[in-house]
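In: Sequence and predicted structure below; questions after.
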Amino acid sequence: MKISNILINWYRNDHRKLPWRETQDPYHIWLSEIILQQTRVDQGLPYYHKFVEQFPTVRDLAAAEEQEILTLWQGLGYYSRARNLHTAAKMVVEQHLGTFPNTYEELLQLKGVGEYTAAAIASFAYDLPYPVLDGNVYRVISRLFAIADPINKPAGQKVIKQALADIFDDKNSALFNQAIMEFGAMHCTPKKPNCSECPFAANCLSLEYEKVDKLPYKEGKNKVRKVEHSYFFISYDNKTYIEQRTEGIWQNLFQFPLVEHHLNQEELMTELSHIMKPKAKPQISLFYNTTHILSHRKIDANFYTILVDTKPIFLKSNIFEIEMSQLGTEYPISVLTQKFLNKRNNDDK
């Protein structure tokens, strides 16, 4: 039996029922693909439902304010995805009159849509013969054919693409693509794959050569840069003071005033004097220290609580006052800031 047939038969019996698999609506498929980038299905599923409910059509999403989208996205991380989502929705409305483009080439023109996402939408929505190639597919193909070339290098990617093309079922492209991704996610997993019950046990070269745990192979690792953050949580009468980021991965999210290094006591007072003029001496304490790990960055963060008994005067125009209850609801924040709020709320109980 052909590999594609084995794969599709496995999928028909063992796949998860997910809402974006029950539709050919390109808007819903695109939405799910963007949400699931760098995100587990169980984590992304509630966000998918929230977005579909709040923005039933691409026109609704395009007409929304960015802050509304970022607030709904809060907790998923990689916020550039949310900004790209908004931009792409506007492109569909403005350039395609609210109808998703139905060719691979036009899909690629949408902001945030790369080769994988364009292939996924093209096959799932329009049944066009484009194979998808995500992390799960790289793993399945590299193990099935014992491909030891590094998958993060052009030469290795070329070998994987050719091997995938050799088994791709262009008559059942949507079904094949769903099957191979699901097989990688549920059966041929990164750790402890279920080789003893694998339908490809007789075909898998890495199993034959005892290389399953060594594949796929990546050459080198991304260096993680260590950085230090000091945040000022300034509190007055159930109010706090925040600023909006203008760059970086958390662009347009809100945070407490930040100094991007750690501070000794003298530096703390100096930095605080650059931010505000309290009418009386504030009470300052290091309330929370945590480590927050991103893909290329490890943040060692200190959150200082600054209690003032009169309304402070700020020397920076970008800092403004909000009610504590608005933070994270009306003003979207990063997971790091949410960790601080969770710690503070738990300590108050």
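Out: Yep, it's here.

In: going forward, measure contacts and count neighbours with C-alpha atoms only.
Out: Will do.

In: show me where the stretch 151-300 of the chain has strands.
Out: Assigned by DSSP state E, counting those that start in this stretch, the strands in the stretch 151-300 of the chain fall at 225-236, 239-244, 254-255, 258-259, 276-277, 283-293, 297-307.

In: Which strands and helices lie in contact with the fourth one?
Out: Right, strand 258-259. Using 3 or more C-alpha pairs under 8 Å, 6 or more residues apart in numbering; DSSP states H and E, the elements in contact with strand 258-259 are strand 225-236.

In: low-confidence ranges in the stretch 51-200 of the chain?
Out: Low-confidence segments of the stretch 51-200 of the chain (pLDDT under 70): none present.

In: pull the longest helix from this structure.
Out: helix 80-96 (DSSP state H).

In: ok, and what's touching it?
Out: For helix 80-96, contacts defined as C-alpha atoms under 8 Å, 6 or more residues apart in numbering pick out 31, 34-35, 58-59, 61-63, 66, 69-70, 73, 98-101, 110-112, 249-251.

In: repeat for stretch 296-307
Out: Contacts for stretch 296-307 (C-alpha under 8 Å, 6+ apart): 222-236, 262, 282-293, 340.

In: Return the set of buried residues in it.
Out: Buried positions in stretch 296-307, judged by neighbour count with 16 or more other C-alpha atoms under 10 Å: 299-307.

In: ditto for stretch 2-20
Out: The neighbour-count check on stretch 2-20 (16+ other C-alpha under 10 Å) flags 3-4, 7-8, 10-11, 20 as buried.

In: Which single one of the residues you listed is nearest to Y78?
Out: Ranked by distance to Y78 (C-alpha to C-alpha), those are led by W20 at 21.4 Å.

In: Leaving out sequence neighbours, find the closest residue to that closest one.
Out: I29 (5.6 Å; C-alpha to C-alpha, 6 or more residues apart in numbering).

In: show me what contacts the one you found?
Out: Contacts for I29 (C-alpha under 8 Å, 6+ apart) come out as 20-21, 23, 121, 124-125.

In: quick revisit: can you list the buried residues of stretch 2-20 in CSV and add distance to E53, pLDDT and secondary structure?
Out: Output for the buried residues of stretch 2-20, formatted as CSV (distance: C-alpha to C-alpha, whole Å; pLDDT from 0 to 100; DSSP: H, G, I helix; E, B strand; the rest coil):
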residue, distance to E53, pLDDT, secondary structure
I3, 39, 91, helix
S4, 36, 92, helix
L7, 34, 94, helix
I8, 32, 95, helix
W10, 32, 95, helix
Y11, 29, 95, helix
W20, 14, 95, helix
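
In: The residues you listed: which two are farthest apart?
Out: Largest pairwise distance in the buried residues of stretch 2-20, by C-alpha to C-alpha, is 25.2 Å, between I3 and W20.

In: Now do the helices in the stretch 151-300 of the chain.
Out: Applying DSSP state H, counting those that start in this stretch to the stretch 151-300 of the chain gives helices spanning 154-167, 173-186, 205-208, 265-275.

In: Output these as TSV; include the columns distance to T329 and mean neighbour count.
Out: Formatted as TSV, these follow (distance: least, C-alpha to C-alpha, whole Å; neighbours: other C-alpha atoms under 10 Å):
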stretch	distance to T329	mean neighbour count
helix 154-167	42	15
helix 173-186	33	22
helix 205-208	49	18
helix 265-275	25	13
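
In: So which of the ones you listed is nearest F145?
Out: Among the helices of the stretch 151-300 of the chain, helix 205-208 comes nearest to F145, with 5.3 Å by C-alpha to C-alpha.

In: Show me what that closest one is packed against.
Out: helix 135-144.

In: Off-centre distance for stretch 134-145?
Out: Its chain's average C-alpha position is 21 Å from that of stretch 134-145, according to C-alpha atoms, centre = their mean, to the nearest Å.
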